[in-house]
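In: here is a sequence with its predicted model. Questions after.
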Amino acid sequence: MVNKIILIVIAIGLPLSIIGSFLQWPGTAMFGVYCLTIVALAGVMGRATESLAIVAGPRIGGLLNATFGNAVELIISIFALKAGLINVVLASLTGSVIGNLLLVGGLSFFVGGLKFKRQMFNVYDARHNAGLLMFAVIVAFMIPELFTLKMTPGEKMTLSIGISIIMIILYMFALFFKLVTHRGVYMTREEKEAAHEEEIPEWSKGKAMLILALATLAVAYVSERLVHTFEAVGEQFGWSELFIGVIIVAIVGNAAEHASAIIMAYKNKLDIAVEIAIGSTLQIAMFVAPVLVLISLFFKQEMPLVFTVPELVSMATAVLLTIVIANDGESNWFEGLTMLAAYLIMGIGFYLL
């Protein structure tokens, strides 16, 4: 029933999105159409991810979902960079970090916890990801803020380029570590038992990847159109540029993995949900952000990897709270609610800032 509703929304929403963009219908009217279409497409991406996870395992399935989901974020940010909206891009990166950790992670723990009193996920992965999160946000994002206090714009950009290259290289080694040299080394007993259980995927590997790719292209197109409605919607609702970047752009740009992670948690596949939420955060911080810094070199206005103090404090708080809650490899609905409460507090702060 749910799948039929999703297909109906896509069948109606996607043509309306294309027609509305060509006919230049009012942004406030199209805002809802674009959002509903993206959410429906995210549902399809969730089904494709689940099929891939059954075939390839939770790590690769989660990584693929995060990659396709972050491709949308990357595309939106490149358009914003081209338009010179540096602050919006940095704000959206901040929103992606706190959104993936607190909103997606929190909702996954909460929704899954309502159905299952206690959910388990790979504690070794949680501890490994904790170290990378600390490096990505605390070290690579906060240190430039301290060192660039008395630097010239040129020196800030040079430091940002150096940090970006190091982060991209380390991220590649992190993937090599998890997927090649230590694949299957840190498996829990539950994962080993599940590996012997045969589960039939809804779609074949080829079909799932094709649907995931097509859905990503559709989401990228609709998301790009949605960006053009933010100004009109912001004026109508009184939203600032910072709030739009941190909350709205981040939620819309990452809608695909949001839905997928929650669906996985509801089905008690918390390893995939955690891999999507935390893996996506790592990819944003260690790959997407550095790549955007390097891409900005080809535009008129360059983007140094320097965030504002509220953005840095929010990201550091999200990382530390996630590590404290997730480091034991267990979750329940109250822990998810705690993470959601933290996200709401930050959201109110950015709205009033």
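Out: Received the coordinates, thanks.
In: what about Lys207, how many residues close to it?
Out: 13 (other Cβ atoms under 10 Å). Where C-beta positions appear, they are placed from N, C-alpha and C, glycine not excepted.
In: and it, what helix or strand is that in?
Out: Lys207 belongs to helix 205-227 when assigned by DSSP states H and E.
In: pull out the buried positions in that helix.
Out: For helix 205-227, burial by neighbour count (16 or more other Cβ atoms under 10 Å) applies to 208-209, 211-212, 215-216, 218-227.
In: which residues of the stretch 151-300 of the chain score low on pLDDT?
Out: 182-199, 253-257 (pLDDT under 70).
In: what ranges do the helices span in it?
Out: Using DSSP state H, counting those that start in this stretch, the helices of the stretch 151-300 of the chain run over residues 153-176, 189-195, 205-227, 230-237, 241-243, 250-253, 255-266, 270-283, 289-295.
In: what does stretch 164-181 rub up against?
Out: Taking contacts as Cβ atoms under 8 Å, 6 or more residues apart in numbering, the residues outside stretch 164-181 that touch it are 59-60, 63, 125, 128, 132, 135-136, 140, 282-283, 285-287, 289-291, 293-294, 305.
In: determine how far that stretch lies from the middle of the whole chain.
Out: 18 Å (Cα atoms, centre = their mean, to the nearest Å).
In: stretch 174-184 too?
Out: 21 Å.
In: can I get it as CSV, trimmed to CA atoms?
Out: Only the C-alpha atoms of stretch 174-184 are listed here, as CSV (Å, rounded to 0.1, in the frame of the first residue of the first chain):
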residue,chain,number,x,y,z
ALA,A,174,39.3,4.8,5.8
LEU,A,175,37.2,3.1,3.0
PHE,A,176,40.1,0.8,2.1
PHE,A,177,40.4,-0.1,5.8
LYS,A,178,36.7,-0.9,6.2
LEU,A,179,36.0,-2.5,2.9
VAL,A,180,39.3,-4.3,2.0
THR,A,181,41.9,-4.9,4.6
HIS,A,182,39.6,-5.3,7.7
ARG,A,183,36.3,-6.3,6.0
GLY,A,184,34.6,-8.9,8.2
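In: please renumber so the chain begins at 541
Out: Noted, 541 is the first residue going forward, which turns the last one into stretch 714-724.
In: please enumerate the strands of the chain.
Out: 659-660, 870-871 (DSSP state E).
In: which elements pack onto the last one?
Out: Judged by 3 or more Cβ pairs under 8 Å, 6 or more residues apart in numbering; DSSP states H and E, strand 870-871 is in contact with helix 645-655, strand 659-660.
In: quick one on the thing from earlier: how about the helices of the stretch 691-840 of the chain in JSON lines, adding distance to Phe874?
Out: JSON lines is the format used below for the helices of the stretch 691-840 of the chain (distance: least, Cβ to Cβ, whole Å):
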{"stretch": "helix 693-716", "distance to Phe874": "31"}
{"stretch": "helix 729-735", "distance to Phe874": "22"}
{"stretch": "helix 745-767", "distance to Phe874": "32"}
{"stretch": "helix 770-777", "distance to Phe874": "32"}
{"stretch": "helix 781-783", "distance to Phe874": "28"}
{"stretch": "helix 790-793", "distance to Phe874": "23"}
{"stretch": "helix 795-806", "distance to Phe874": "15"}
{"stretch": "helix 810-823", "distance to Phe874": "15"}
{"stretch": "helix 829-835", "distance to Phe874": "32"}
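In: nearest to Ile638, of these?
Out: Nearest to Ile638 among those is helix 790-793; the distance by Cβ to Cβ comes to 7.9 Å.
In: export that closest one as CSV, just CAs?
Out: Output of helix 790-793 as CSV, limited to C-alpha atoms (Å, rounded to 0.1, in the frame of the first residue of the first chain):
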residue,chain,number,x,y,z
ALA,A,790,20.5,20.2,4.7
ILE,A,791,17.2,18.3,5.2
VAL,A,792,16.2,18.5,1.6
GLY,A,793,19.6,17.6,0.2
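In: and it, how far from the chain's centre?
Out: Using Cα atoms, centre = their mean, the offset of helix 790-793 from its chain centre is 8 Å.
In: what does stretch 811-827 give?
Out: The answer for stretch 811-827 is 7 Å, by Cα atoms, centre = their mean.
In: again with stretch 545-556
Out: 24 Å.
In: so what pLDDT did the nearest residue to Ile740 once chain neighbours are set aside get?
Out: Distances taken as Cβ to Cβ, 6 or more residues apart in numbering put Ile594 closest to Ile740, at 7.6 Å, once the chain neighbours are dropped. If you check Ile594, the pLDDT there is 75.
In: again, but for Ala858
Out: For Ala858, pLDDT reads 93.
In: which residues are in contact with the residue of the chain most remote from its centre?
Out: Ranked by distance from the centre of the chain (Cα atoms, centre = their mean), the top residue is Lys690, with 32.7 Å. Contact analysis of Lys690 by Cβ under 8 Å, 6+ apart lists nothing.
In: how about the longest helix anywhere in the chain: buried residues?
Out: Ranked by number of residues, the top helix in the chain under DSSP state H is helix 567-596. For helix 567-596, burial by neighbour count (16+ other Cβ under 10 Å) applies to 567, 570-571, 573-594, 596.
In: how much space between the residue nearest to Ile740 and Thr756?
Out: Going from Ile594 to Thr756 by Cβ to Cβ, to the nearest Å gives 20 Å.
In: I appreciate the help and will end here.
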